[in-house]
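Student: would you be able to build a 3D model of this:
(2 chains)
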Protein chains: 2
Amino acid sequence: MKTSQIPFRTLRDSPSEAIISSHQLMMRADLIRKLGNGLYTYMPFGLRAYRKLEKIIKEEIEASGAMEFKPTVIVPGDIWKESGRWETMGPQMLKAQNRQQQDMVVSPTAEEAYTAIMRQGLTSYKQLPINCYQINTKYRDEIRPRYGVMRGREFNMMDGYTLNADDESLDQSYQAYAKAYLRIFKRLGLDVITVKADTGAMGGSGSEEFMVESEIGDDTLILCKCGYAANVEKASCAKDIPVDIDGNPVKATEKSYEPISTPNVGTIDDLEKYLKCSKHQLLKTLIYKATNVCLDLSEVDCCKNLKTVTEGNIKFYPEVFVAVCIRGDLDINEAKLAGFLKASEVELATAEEDTKITGAPVGFAGPINLSNVPVIADNSVLDMHDFLVGANKADTHFVHVEYGRDFSAWKTADLRTAKAGDICPVCGKPFYTTKGNELGHIFKLGKKYTESMNVTYLDKNGKSAVPTMGCYGIGVDRVLASIIEAFHDDRGIIWPMSTAPYQVAIVPIKYSGAMKEAADKIYDELLKASVEVLLDDRDERPGVKFNDMDLIGFPVRITVGDKNLPNVEIKMRSSEQAELVPLENAAAKASEIVKTEFNKLNS
Amino acid sequence: MKTSQIPFRTLRDSPSEAIISSHQLMMRADLIRKLGNGLYTYMPFGLRAYRKLEKIIKEEIEASGAMEFKPTVIVPGDIWKESGRWETMGPQMLKAQNRQQQDMVVSPTAEEAYTAIMRQGLTSYKQLPINCYQINTKYRDEIRPRYGVMRGREFNMMDGYTLNADDESLDQSYQAYAKAYLRIFKRLGLDVITVKADTGAMGGSGSEEFMVESEIGDDTLILCKCGYAANVEKASCAKDIPVDIDGNPVKATEKSYEPISTPNVGTIDDLEKYLKCSKHQLLKTLIYKATNVCLDLSEVDCCKNLKTVTEGNIKFYPEVFVAVCIRGDLDINEAKLAGFLKASEVELATAEEDTKITGAPVGFAGPINLSNVPVIADNSVLDMHDFLVGANKADTHFVHVEYGRDFSAWKTADLRTAKAGDICPVCGKPFYTTKGNELGHIFKLGKKYTESMNVTYLDKNGKSAVPTMGCYGIGVDRVLASIIEAFHDDRGIIWPMSTAPYQVAIVPIKYSGAMKEAADKIYDELLKASVEVLLDDRDERPGVKFNDMDLIGFPVRITVGDKNLPNVEIKMRSSEQAELVPLENAAAKASEIVKTEFNKLNS
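Tutor: Numbers count the residues shown, from 1 in each chain, chains lettered A, B, ... in the order given. I've put the predicted structure just below:
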């Protein structure tokens, strides 16, 4: 291909809204153009890289046993109502009504579609497992789309799904996807960390994320040298015994709890100073508002009259307030809390809501005599002794509180946010952390969808059974952006050979005379050798052409200048060294480099 | 691939709603499954055929000079408002509001997106032409989706667009697409007819459709042996002189027009009988309601107070009534009328609306003294003499009417529906007709979008200029269904080699012992020879396997039975003849057949 045939124009400056390197470089190199907020068009150079990435994903996913299928992007709202996610998906799902006033959905994911499609033909255990994937358009109405295609509203996802007869079969499918993912990221040149992940509102029994370390990562990874790796939303740590201000374990008290005056002292930090005690002796109580709670609260007295909604055969509470207790030095992880409540969202109650529930200003909430909301305690509370809690009264706390004696939570759970220095539950050493971006996800869903959507088959004994299910996703655009995050310098992108829009760029200093002849010769030879080659035939100054080729980031550049002829210069984008090579050998040399680079990635 | 790895189940009967062969066979062979009204999922076998088709289209379109780009499927409503099509596209456009209450569109086509994207980088004539295409999801909210993927709501379209500096360049782009289309259809084994087409509400100066003859075709094609071919929406015919009941040309009259009583005689057929005259002496006047009329009506007195709406820099009339006159034996072509009015839709007025305008019951409308709506006459009226028209009064017509003397239309135009027997404007011979389905379309749009969306560039003289534009589409799903319409028999599909999901199917009578060994051997040899081969390893009766393979329609079948071993049977799906071949030669023979079939299509 010749540059004159490709519609592109590079930019010296990136738009001000582009604050991460991949977004800046994709815009400057004209790989993408913005069409709307969170909506990006792939331009020819960008799309070539995208298609290569897509092909690598397809090859590896198919090699692992999945067959491609292609549901529609627009699907009937009915299947979402059947699964119970019509409401619980929340406003990130883009809905539309067709001309018959039927509800339609622009697919944010395809568990419902897959289930609705595959149940049509399913009768016998002989048909299981069913393993299909697609790479298709998805849309999520992100409140604040950002970072270009890293977090766009419309995006492309590889989403695979399996229906399995039993947990063993599901585990095989799950492991096959995991292996395919690792091969994919290897071929892309990306180092990924596999971390345990939260199964959250999706339900399910197991989940791992494939993360790439990144300063601009959305996720915090909790890591240990022993190999333990988990998303902060999932990471659990070994329990640590509360200590007093002198570092001695806090002992149980036999004193009854009693109120003390804490005028205007509501925060944990202020209480610590005011009382000159350890935060391990302070209980934090926070009031949360949870949306679309699927956890069964029917046994909780104060929830007996809460409004419920039934969708398909899923019953949920549109809005629930809960009090959550945790040791004073720790933070509640909202993802863990949402997962525990099976809620689509949790957020701190407003001051007004808080006061309405506790009867006290914010900062004075406590679990004793709090009977109008369910009380949930983090496991850390179980080890606390002789501690302070809010008294649900302005400027007042209770001291000498003991868990189990003075109050009990409705439920206890792991709700704390693990952090650097916390103790690894596997080896007992301290955690360290890093930031990461999620590129892929594998998920044992269990029977959430197959049960709610009434999928059955006849098992070996002729009895009706419900299959179990897995889902597996890779964010294609996000992977592409992550490759650029990982491989770039001040001058532009440095594509790995596997996803470069073109493998070799030929830049004649001027595209005329002997230089044109030489450039054309190398071009033809490379085409014959099936190397993907771009010839910069534009009538531009050499500096402009060099800058553009470096910005777009083709891995190999062959410069044809009359000073060097009959030699030409070959230079890797990733290196500062150039090499003079006789014109006759240039194509062979470039082919060799391409092959070597591929071998490194595929080895 | 082995059948046991592919999720499919064939159906003995097709769903009752499937009334055309391709829809029936695609459902029975499990190529597609229904997800909603007009929404079909491609299953693995169907998707393999689809992907091959897509690849052929991509190869040929790219060979013709287009680069692939990829806009989003969901686009901002703003660009549609800018072009003026937000309203005029009508209810077939699926709209949604995002969480910020911004209007979004599920793309039914991408002229707006292409224009909005390409204008971003356009500064100089040196960048033109810009020629990009995509194959991507489209959605049109058809009132009555039917025929499976032939007319679904969500569908996949190859849509290419060019921006050109001038008409000559546009013509080159247009011709390049036309040539690519012909190569595509050749490789698919489809005979297409290129017909002149209506440019309709799209505006533009030229348009051709690529049609395949089909009993279930949506379009009527007007053909002449001289090579003239046009869609009925576009076909014009040579003028024919009106004759009286004896076959003599009707002469002009000098009599003044006068009313006659025609009690309850309102239709042309009844008038012909009642007056014992030729239909050539009767003028038909119909009242139409037109929606979103972009034609400028400001010079028409009765339209001066009509409501107008301005969108972008397009002004249109949301609703206009017009009277349309045509010779009694002819029919008005609504597509031509809509094109003339630049309207998104035209339909006959209701009886009530008709009467409100004419003051008379339906059947008695006429152009004389009709001043509250614009009168438009088909060109046929210009040649009529001494004719009858409705008097806008119950049971009354006027006779001895002369055009130009007794009334004049506001405008005259070609509005008649050409039909078999009409005279070819090129050679003077009579037309014949056939039914066809549109597979592709090429279109010179002109400056409709570039002007309304303010696209400019600096021309060679440094002056600001507006580029002209072309658009080019192929309905991918529809082409796939058309291949099946063209190639099937009572037993199922008969895929051409170029789009077969697999090229060769191996059917062992039983997949065990010597038969398994032989089948595996051929399978391995074919895989090595890069033949796409499917091995039916299911534990089913031979009849079931034969029926399934015939239904899905793989071009070559190799049957391995112990009676024939060490020979195996090779049979083409398209032939009743089978051939016994030694096991050793089977793979080579099958490869040879595959190659031969490809050569036929690619020659």
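
Student: can you give me the helices for the stretch 201-350 of chain A?
Tutor: Applying DSSP state H, counting those that start in this stretch to the stretch 201-350 of chain A gives helices spanning A:268-275, A:334-341.

Student: out of those, the one nearest chain B is which?
Tutor: helix A:334-341 (19.4 Å; Cβ to the nearest Cβ). Using the backbone N, CA and C atoms, a C-beta is placed for each residue, glycine as well.

Student: quick one on the thing from earlier: most neighbours per residue, which of the helices of the stretch 201-350 of chain A?
Tutor: Mean neighbours per residue, mean count of other Cβ atoms under 10 Å in any protein chain shown, is largest over the helices of the stretch 201-350 of chain A for helix A:334-341, with a mean of 22.

Student: what helices or strands is that helix leaning on?
Tutor: strand A:283-293, strand A:314-327, strand A:345-348, strand A:411-413 (3 or more Cβ pairs under 8 Å, 6 or more residues apart in numbering or on different chains; DSSP states H and E).

Student: ok and it relative to strand A:314-327, angle-wise?
Tutor: 130 degrees (axes from the mean of the first three to the mean of the last three Cα atoms, to 10 degrees).

Student: for the residue nearest to A:Lys251 when sequence neighbours are not counted, helix, strand, or coil?
Tutor: Leaving out its chain neighbours, the residue that sits closest to A:Lys251 by Cβ to Cβ, 6 or more residues apart in numbering or on different chains is A:His385, at 5.9 Å. Here A:His385 is recorded as coil under DSSP: H, G, I helix; E, B strand; the rest coil.

Student: roughly how far apart are A:His385 and chain B?
Tutor: Separation of A:His385 from chain B (Cβ to the nearest Cβ, to the nearest Å): 47 Å.

Student: do the same with A:Lys239
Tutor: 41 Å.

Student: and if you look at A:Met89?
Tutor: Taking Cβ to the nearest Cβ, one finds A:Met89 at 12 Å from chain B.

Student: ok, that residue - contacts?
Tutor: Counting by Cβ atoms under 8 Å, 6 or more residues apart in numbering or on different chains, A:Met89 touches A:Trp80, A:Pro108, A:Ser344.

Student: same question for A:Lys516.
Tutor: A:Pro508, A:Lys510.

Student: next one: phi and psi at it?
Tutor: Backbone torsions of A:Lys516, given as degrees, to the nearest 10, read phi -60, psi -50.

Student: and the helices and strands packed on helix A:334-341 as a markdown table, adding mean pLDDT and distance to chain B?
Tutor: Listed next are these as a markdown table, based on pLDDT from 0 to 100; distance: least, Cβ to the nearest Cβ, whole Å:
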| stretch | mean pLDDT | distance to chain B |
| --- | --- | --- |
| strand A:283-293 | 95 | 15 |
| strand A:314-327 | 94 | 18 |
| strand A:345-348 | 93 | 13 |
| strand A:411-413 | 96 | 31 |
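
Student: and the ones you listed as JSON lines, adding mean neighbour count?
Tutor: As requested, the helices and strands packed on helix A:334-341 are arranged in JSON lines below (neighbours: other Cβ atoms under 10 Å in any protein chain shown):
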{"stretch": "strand A:283-293", "mean neighbour count": "23"}
{"stretch": "strand A:314-327", "mean neighbour count": "22"}
{"stretch": "strand A:345-348", "mean neighbour count": "16"}
{"stretch": "strand A:411-413", "mean neighbour count": "16"}
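
Student: how distant is the longest helix that chain A contains from the center of its chain?
Tutor: Longest helix in chain A, counting residues (DSSP state H): helix A:167-188. Between the centre of helix A:167-188 and the centre of its chain there are 17 Å (Cα atoms, centre = their mean, to the nearest Å).

Student: element containing the residue nearest to A:Ser173 when sequence neighbours are not counted, please.
Tutor: For A:Ser173, ignoring the flanking residues on the chain, the nearest one in space by Cβ to Cβ, 6+ apart is A:Thr162 at 4.0 Å. Under the criterion of DSSP states H and E, A:Thr162 resides in strand A:154-164.

Student: next up, the contacts around the nearest residue to A:Ile509 once chain neighbours are set aside.
Tutor: Spatial nearest neighbour of A:Ile509, excluding adjacent residues (Cβ to Cβ, 6+ apart): A:Gly561 at 4.1 Å. Applying Cβ under 8 Å, 6+ apart to A:Gly561 gives the contacts A:Pro508, A:Ile509, A:Met515, A:Pro542, A:Val568, A:Glu569.

Student: what sits up against stretch A:526-541?
Tutor: A:1-4, A:500-508, A:511, A:519-520, A:522-523, A:544-545, A:548-549, A:554, A:587-588, A:590-591, A:594.

Student: what about the residue in the stretch 451-600 of chain A that chain B sits nearest to, which SS state?
Tutor: Distances between the stretch 451-600 of chain A and chain B by Cβ to the nearest Cβ are smallest at A:Asp539, namely 8.4 Å. Per three-state DSSP, the secondary structure class of A:Asp539 is coil.

Student: do you know the pLDDT at it?
Tutor: A:Asp539 carries a pLDDT value of 93.

Student: near it, how many other residues are there?
Tutor: Using other Cβ atoms under 10 Å in any protein chain shown, A:Asp539 has 10 other residues around it.

Student: ok, it to A:Thr10 distance?
Tutor: 16 Å (Cβ to Cβ, to the nearest Å).

Student: coming back round to it: against A:Tyr511, how distant is the residue nearest to A:Ile509?
Tutor: 12 Å.

Student: A:Lys460 too?
Tutor: A:Lys460 is 70 Å from A:Tyr511, by Cβ to Cβ.

Student: looking at those two, which one has more neighbours?
Tutor: Between A:Lys460 and A:Tyr511, A:Tyr511 has the larger neighbour count (other Cβ under 10 Å), namely 22 against 10.

Student: touching, that one and A:Ala519? I think so.
Tutor: Yes: assessed by Cβ atoms under 8 Å, A:Tyr511 is found in contact with A:Ala519 at 6.7 Å.

Student: for the residue nearest to A:Ser173, name its beta-bridge partners.
Tutor: A:Asn131, A:Gly470 (DSSP bridges).

Student: outline the domain layout of chain A.
Tutor: A:31-213+A:439-484, A:258-413, A:493-602 (automatic domain parsing).

Student: can you tell me which of those domains is most buried?
Tutor: domain A:31-213+A:439-484 (a mean of 21).

Student: the strand holding A:Thr162 vs helix A:167-188, what angle?
Tutor: Using the same axes, to 10 degrees: strand A:154-164 against helix A:167-188 is 150 degrees.
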